[in-house]
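test case, fold it:
(one chain, ligands or ions: 1)
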Amino acid sequence: MISVADAREHQEVLLSDLKALVEIESPSSDKSSVDHLAEFLASRLEYHGGHAQIHIAEGFGNHVQADFPGVSESKPILLLGHIDTVWELGTLKQMPFRVADGRAWGPGVLDMKGGIAVAIHAMALLREHKVPHAAVRMLFVSDEEVGSHSSRAITERLALESQAVLVLEPGQGLNGAVKTERKGVGVYEIRVTGEAAHAGVEPGKGASAIHELAYQVGVLDGFTDPHRGLTVNAGLIRGGTRSNVIAAEAWTEVDVRIRTAADGRAIDSKVRGLRPRNDRCRIEVTGGINRPPMERTDKVVALYRKAAEVGRSLGLKIDELPTGGGSDGNFTAALGVPTLDGLGVVGEGAHAVNESILIDQLAPRTALLAGLIAAL
Ligand SMILES: [Zn+2]
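Below is the predicted model:
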């Protein structure tokens, strides 16, 4: 059993690994930067006893997989995370990696390079203390922040070969609750085509795409059902050319969140079923549900109970919470593979300028992850 004190011995090296990971900037959109981080990470994982391989992705950054042999015959445990961040190249100039006020700060430190450093050191500790465990696989993808389109198939294939998936996204809140439920996410583009006309001279000739779309946004708003945790948000809207022209085109992009797969199917058919109020307008809907919900199934709860039990033996209280945000854990949970999310670092400010992690929580999280791996 790895104690928090054992993990504490790794804290300095873990922090310097984290600094190196943060200082290689890796926005999802910049393939050469992400690929550079993938190479660096693969070499760190090799150093710690993993057999690393790089999955080449066209048009996205590459993905890193590392396999660590185990002693038992049971199926491998998949540790899942991502190396991309939402931060553009050059962010480090304004937000350099730094340690201050008991925290480490910097772009991606919480979401989720801290989780990568924790995973590396959990494996290093298990090896150092010769703790027997099942085979462990790590997969760090490069496109999680932009929908995981190029990595989803790899994630799903490895998940199906695994007994459980431990997701290294940050814990929830400053006490680092793990995540046992995540909403599913849908994104739709709704395009309305009307007929242009002079708004003053021949208003009757026109059919306003903007007026039609405004009406449809009201309809979409009516689909929101807070009791079911179902939300619809028209987050972007565009249309028209000038105020004295009846608009021929209008467009919106809509974010949908659902708690259950059944709600996903229902809202999908409602959005696709939008019909124009003005029959001279046309509505075209594209997109769909791109992350299924991670439902709090019995398998998820059983995995959480195991984590809570390992936590108790380390003197830690591990809570569970739901979240509206999606992760790659949504894919693996939807396949029926036991999945527990939020096992990464503890902090606040993901995607925000105050992104930071609590240094004091690094050792407990590393010991928890190591203990959970050993317990599976
Ligand atoms: Zn993340």
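
ok, Leu89 touching Ser28?
No. Counting by Cβ atoms under 8 Å, Leu89 stays clear of Ser28, with 11.5 Å between them. All C-beta atoms are positioned from the backbone trio N, CA, C, and that covers glycine.

more crowded one of those two?
Ser28 (23 against 13; other Cβ atoms under 10 Å).

who's the closest spatial neighbour of that one, skipping the chain neighbours?
Asp84 (4.0 Å; Cβ to Cβ, 6 or more residues apart in numbering).

any residues touching the strand or helix carrying Asn330, and which ones?
Using DSSP states H and E, Asn330 sits in helix 329-334. Here helix 329-334 makes contact (Cβ atoms under 8 Å, 6 or more residues apart in numbering) with 78, 80, 148, 152, 155-156, 159, 165, 167, 169, 179, 182, 184-185, 261, 291-295, 297, 300, 339-341.

in helices only, show me those.
If you go by DSSP state H, the contacts of helix 329-334 have Arg152, Thr155, Glu156, Ala159, Ala261, Val300 in helices.

ok, so of those residues, who is nearest the ion?
Minimum distance to the ion across the ones in helices among the contacts of helix 329-334 is 13.3 Å, recorded for Thr155 (Cβ to the ion).

surely that closest one is in contact with Asp328?
Yes. Using Cβ under 8 Å, Thr155 is in contact with Asp328, at 5.3 Å.

just to revisit the earlier point, quick one, which of the contacts of helix 329-334 are buried?
78, 80, 148, 152, 155, 159, 165, 167, 169, 179, 182, 184-185, 291-295, 297, 300, 339-341 (16 or more other Cβ atoms under 10 Å).

among those, which ones lie close to the ion?
When contact is defined as Cβ under 5 Å from the ion, these meet the ion at Glu169.

which ones are touching the residue of the stretch 201-350 of the chain found nearest the ion?
Of all residues in the stretch 201-350 of the chain, Ser327 sits closest to the ion, at 6.0 Å by Cβ to the ion. Contact analysis of Ser327 by Cβ under 8 Å, 6+ apart lists Glu144, Val167, Glu169, Lys179, Arg182, Met294, Asp341.

what about stretch 280-296, average pLDDT?
Regarding stretch 280-296, the rounded mean pLDDT is 96.

please report how far Val300 lies from Arg157.
For Val300, the distance to Arg157 equals 20 Å [Cβ to Cβ, to the nearest Å].

with Val232 instead?
On the measure of Cβ to Cβ, Val232 and Arg157 end up 32 Å apart.

ok, those two, which is more surrounded?
More neighbours surround Val232 than the other of Val232 and Arg157, with 22 against 12 (other Cβ under 10 Å).

alright, I will stop here.
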